[in-house]
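Trainee: Have a look at this fold, sequence not included:
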C-alpha cells in the first residue's frame, strides 16, 4: 500500500506527496498560489499584447496644441497601431492612407486631409510612401505598442480591443475629450485628477466637469455633451466619492498598473457593468440630475 511522504518545499511549506510517478498532493495554500500566479501571468500576457503605451507629458503637450477634432482623430487611430510593425497604422491588413483614416475617424475626405496634415505638422503622425500611396504611423514620442520604450516616464495603457470596438461609436469630439483624459488618470483609483501619481487619497485634486472645461479651455456645453456621450458608451462613470463628484474611467479602456486583476479594479469593473445595465434599462441617472 502506498504511503504519503511529507517534505518541505523550496518556499518552506510542508507538503504531502504520493510516491507514485506523475502524481503528487500539494497543500491548499500552494494550490491557491499557483492559481494566483496563473491569473497574473494571463493578465500580463494579455496586457502586453493588446495595449498602446501613452506617455503623459508628450500627450499633455498635444492637448494644448491640437483641436478637439484633431485629438479625437488620434484617439480613434491609436487602436490600429500594429503590434509587429512599431507604430504603423493598419486596417484590414493594409497600411492606412488618408482613405482608410477617413473610414476610421468617420470624416469626409477633405476634412480628413486637413486633420492628417495638422497631425503630421505637429509630429504625432509620420508619413511614408508605399508605392504611390502615402501611409501613416504614430510617432513613438507619444505612443508605443506592447511595452514602454521610454523608461522612467509616466504612462497610461490604452487597451486596443475594447477601445477599437467602442470608440467607433463616439463622435470625434467625444473621442478627443477621452484623449485629453490620458495624462490625468490616477494610477490606482482610475479617477481624473491633476495629481495622478499621488498615493494619498485625501490629497487628490479631482477633476470635475466644471474644472475639466476650464482646464482644457473648452466651453462647458462641449464638455457636458462629450461626457454624456462617454458615459453612455461605457468609457466613464461619474459618482460621489471623497465628498465630491468624481469622473472614473473604465479600467478596460485605460489602466496604469502592471496587473489589472486586483480587488479594487474588479469591483470597479462590476460598477461599470451595473452602470451599463442601468443605462440600457432606462433606470440610470440622467446627467441633468447631477449637481455639476
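Mentor: Cool, got the structure. Note that the structure is predicted; figures quoted are calculated from it, not measured.
Trainee: Contacts only, for the nearest residue to residue 109 once chain neighbours are set aside.
Mentor: Nearest residue to residue 109, sequence neighbours excluded (Cβ to Cβ, 6 or more residues apart in numbering): residue 102, at 5.6 Å. All C-beta spots, glycine's among them, are computed from the backbone N, C-alpha and C. Going by Cβ atoms under 8 Å, 6 or more residues apart in numbering, residue 102 touches 108-109, 112.
Trainee: cutoff 10 Å now
Mentor: 96, 108-113, 115-116 (Cβ atoms under 10 Å, 6 or more residues apart in numbering).
Trainee: In CSV: these, plus distance to residue 135 and neighbour count.
Mentor: Converted to CSV, the contacts of residue 102 look like this (distance: Cβ to Cβ, whole Å; neighbours: other Cβ atoms under 10 Å):
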residue, distance to residue 135, neighbour count
96, 6, 25
108, 20, 8
109, 16, 11
110, 19, 9
111, 19, 15
112, 14, 20
113, 14, 14
115, 16, 24
116, 11, 23
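Trainee: Quick check: the gap between residue 166 and residue 199.
Mentor: Plainly put, residue 166 is 31 Å away from residue 199 if you go by Cβ to Cβ, to the nearest Å.
Trainee: ok so, going back, list phi and psi for the residue nearest to residue 109.
Mentor: phi -60, psi -40 (degrees, to the nearest 10).
Trainee: just to revisit the earlier point, show me the two of the contacts of residue 102 that sit farthest apart.
Mentor: Within these, 96 and 110 form the most distant pair, 17.5 Å apart (Cβ to Cβ).
Trainee: which intervals of the stretch 1-150 of the chain have sub-threshold pLDDT?
Mentor: Applying pLDDT under 70 to the stretch 1-150 of the chain flags the ranges 1-26, 28-29, 31-49, 84-85, 147-149.
Trainee: quick one: residue 59 and residue 183 touch, right?
Mentor: Yes. Residue 59 lies in contact with residue 183 (Cβ atoms under 10 Å); the separation is 5.3 Å.
Trainee: intersection of neighbour lists for these two?
Mentor: 155-156.
Trainee: now the strands: where do they sit in this structure?
Mentor: 5-8, 14-17, 51-55, 90-91, 94-95, 125-130, 133-138, 143-145, 155-159, 236-241, 244-249, 254-255 (DSSP state E).
Trainee: which strands and helices sit next to the last one?
Mentor: Judged by 3 or more Cβ pairs under 10 Å, 6 or more residues apart in numbering; DSSP states H and E, the packing partners of strand 254-255 are strand 51-55, strand 155-159.
Trainee: Residue 270 is nearest to which of the ones you listed?
Mentor: The closest approach between residue 270 and any of those, judged by Cβ to Cβ, belongs to strand 155-159 at 17.6 Å.
Trainee: Just the contacts of residue 102: which are in helices?
Mentor: 109-113, 115-116 (DSSP state H).
Trainee: So which residues of the protein form helices?
Mentor: Remark: helices assigned in the chain by DSSP H are 28-49, 56-65, 68-77, 98-105, 109-121, 160-167, 172-180, 209-216, 220-232, 263-281.
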